[in-house]
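Q: Okay, sequence plus prediction incoming.
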Amino acid sequence: MACVFCTEPREAGEIVYEDFRVWVILHEDWAVRGHAMVVWRKHVENVADLTLDDYVHFAAVHHRAEGALLGITKADRAVLMKLGIATPHLHLHIYPVGAALGRDEVFEIVAGRVRAPYDEAFVAELRERLAT
């Protein structure tokens, strides 16, 4: 099976930031407003596959993306998930959620059983925040 991130990352969602090492992609499922992924461009499976310099870059982009997502959504926290089961390519999911959500509600989001409406203004603001 071909890796979507190696063949056509836009099939996974909307790229809102990119540099020579990483993408930030809004996931196509819109499980919650701001469900995003930080994706390493080169095909590796684990953070441990990166050099320390590359890991610091990945972490810095994650930090910036999570901060922007929490700021725009006004969410209380971010649920992070790195599995790599369906797509064994290093990517970290970020789900901005409210503090009042319980475990079951969070797992409904992670399972993709809920959906937020697409929000063009949100996408534009996220792009702007990540560009600076």
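A: Okay, I see it. Residues are numbered from 1 along each chain as shown.
Q: got the contact list for the residue nearest the centre of the chain?
A: The chain has Met37 as the residue nearest its centroid, 1.6 Å off, counting by CA atoms, centre = their mean. Applying CB atoms under 8 Å, 6 or more residues apart in numbering to Met37 gives the contacts Ala12, Gly13, Trp23, Val24, Ile25, His27, His91, Leu92, His93, Ile94. (Glycine included, C-beta is placed from N, CA and C.)
Q: same check, this time on Leu80
A: Glu66, Leu92, His93, Ile94, Tyr95.
Q: Just the pLDDT for it.
A: Listed pLDDT for Leu80 reads 97.
Q: Go through this structure and flag its longest helix.
A: For the chain, the helix reaching the highest residue count under DSSP state H is reported as helix 52-73.
Q: All the helices of this protein, in order from the start?
A: Counting by DSSP H, the helices of the chain are 4-7, 52-73, 103-110, 120-131.
Q: For the shortest one, buried residues please.
A: This points to helix 4-7. For helix 4-7, a neighbour-count test (16 or more other CB atoms under 10 Å) marks Val4, Phe5 as buried.
Q: can you give me how far that helix is from the chain middle?
A: The gap between where helix 4-7 is centred and where its chain is centred comes out at 15 Å by CA atoms, centre = their mean, to the nearest Å.
Q: residue contacts, the closest residue to His62 other than its chain neighbours?
A: Closest residue in space to His62, ignoring its immediate chain neighbours: Val38 at 4.7 Å, by CB to CB, 6 or more residues apart in numbering. Neighbouring residues of Val38 by CB under 8 Å, 6+ apart: Val22, Trp23, Val24, Phe58, Val61, His62, Ala65, His91, Leu92, Ile94.
Q: Look up the closest residue to the first one, ignoring the ones flanking it.
A: This means Val22. Val61 (4.9 Å).
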